[in-house]
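J.: Predicted model and sequence below, questions to follow.
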Amino acid sequence: MTENGKFIKEMKERKILTQHEDTATPDSKKIVAHGIQGITFYKDYILLSQSYGDHPSKIFVYDNKKDHNLKQKEALKSIEAPPYMEQITAVDDQLYVIFESGTTRFRDELNIDPINYVILMDLKKITSGLTDN
């Protein structure tokens, strides 16, 4: 960052992330549903937030004990949410949800209701009855 608070776009130094010249490779890969904005983990579950444009958003709940892809049809549960949902984070038994609609860019749009708060959802209720949790 410069003294004026602007980001420096050019990389002057490059850091080596590994001790070897090998390329890092994942242990496994999963196919994920289209439009995923966020991911979080709660007990034995994976939760994904999906949002694209001014259409209703969704939260998908998956069993993290199973080895499967994270497509819509594989979800244990799907919860509809307002448009422009972005990140989700699980802390204790709460799901914290933020929306891009609260930003200045979308606040004056006539076709959406902006959400400029962090929304909390009860994860015990969301996962109730899915599997043993």
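T.: Sure, I can see it. Given the structure is predicted, the values throughout are model-derived calculations rather than measurements.
J.: show me what contacts residue 31?
T.: 69-71 (CB atoms under 8 Å, 6 or more residues apart in numbering). In this view, the C-beta of every residue, glycine as well, is placed from N, C-alpha and C.
J.: Look up phi and psi at residue 117.
T.: phi -130, psi 160 (degrees, to the nearest 10).
J.: State the distance from it to residue 45.
T.: 24 Å (CB to CB, to the nearest Å).
J.: sorry, back to before: can the contacts of residue 31 go into a markdown table with extra columns for neighbour count?
T.: Output for those, formatted as a markdown table (neighbours: other CB atoms under 10 Å):
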| residue | neighbour count |
| --- | --- |
| 69 | 12 |
| 70 | 16 |
| 71 | 14 |
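J.: and which of these is nearest residue 106?
T.: For those, the minimum distance to residue 106 (CB to CB) is 27.1 Å, reached by residue 70.
J.: residues contacting the closest one?
T.: 30-33, 36, 46, 48, 60, 62.
J.: if you set the cut-off to 7 Å instead, what comes out?
T.: Contacts for residue 70 (CB atoms under 7 Å, 6 or more residues apart in numbering) come out as 30-33, 46, 48, 62.
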